[in-house]
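K.L.:
Could you look at this predicted model? Sequence included:
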Amino acid sequence: METRYWARMVVNILNLSTPAGLLLRLIGGTGMRLGPRGLIVATGYRLPLPVAPAFTVGNVILLRDQGEDLEARPRLLLHEERHATQYVWSLGVVMFPLYLICAAVSLALSGDLASYNPYERLAGLADGGYEFHPLRWLR
């Protein structure tokens, strides 16, 4: 594994985002396996929130679908992997409130949680399966 992936893995452990993801995995009743580039893939997430079919906490990618083969969906994997890197730059669990604020602003601007959320835009809206919604006042 390349040094940058090792560094991301270590920083996300130290900033507590990966331990938070592993705790969420336990609470959400998921299975777990090692994924590519230091990621952990947890399938079968059962809690009602968030409603997304896939989301990332630290280096842990949580999927609702029990049989999901994330490697067969390389664009979604890349999107979620970018979120793992964002946890490094957002100081770990500090990303939770920052992400929620950004999602709320995006919702107010466009009626959509992702379109104007910099976390989702930088992770690649289309790669994550999001459709871009224009500003409300431009419709």
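P.N.:
On my side now, so go ahead. Numbering: from 1, shown residues only.
K.L.:
Poorly predicted segments of this protein, please.
P.N.:
Residues of the chain meeting the criterion pLDDT under 70: 139.
K.L.:
How about the secondary structure of the residue nearest the centre of it?
P.N.:
A centroid search over the chain (C-alpha atoms, centre = their mean) returns residue 56, at 2.9 Å, as the residue closest to the centre. With DSSP: H, G, I helix; E, B strand; the rest coil as the basis, residue 56 sits in strand.
K.L.:
Surely it is in contact with residue 78?
P.N.:
No - in this structure, residue 56 is not within contact of residue 78 by C-beta atoms under 8 Å, at 11.5 Å. Backbone N, C-alpha and C define where each C-beta goes, glycine included.
K.L.:
burial count for residue 68?
P.N.:
18 (other C-beta atoms under 10 Å).
K.L.:
switch to numbering from 28
P.N.:
Yes, from this point I'll number from 28; that puts the last item at residue 95.
K.L.:
Excluding covalently adjacent residues, which one is nearest to it?
P.N.:
In space, residue 95 comes closest to residue 70 once its chain neighbours are excluded; the distance is 5.5 Å by C-beta to C-beta, 6 or more residues apart in numbering.
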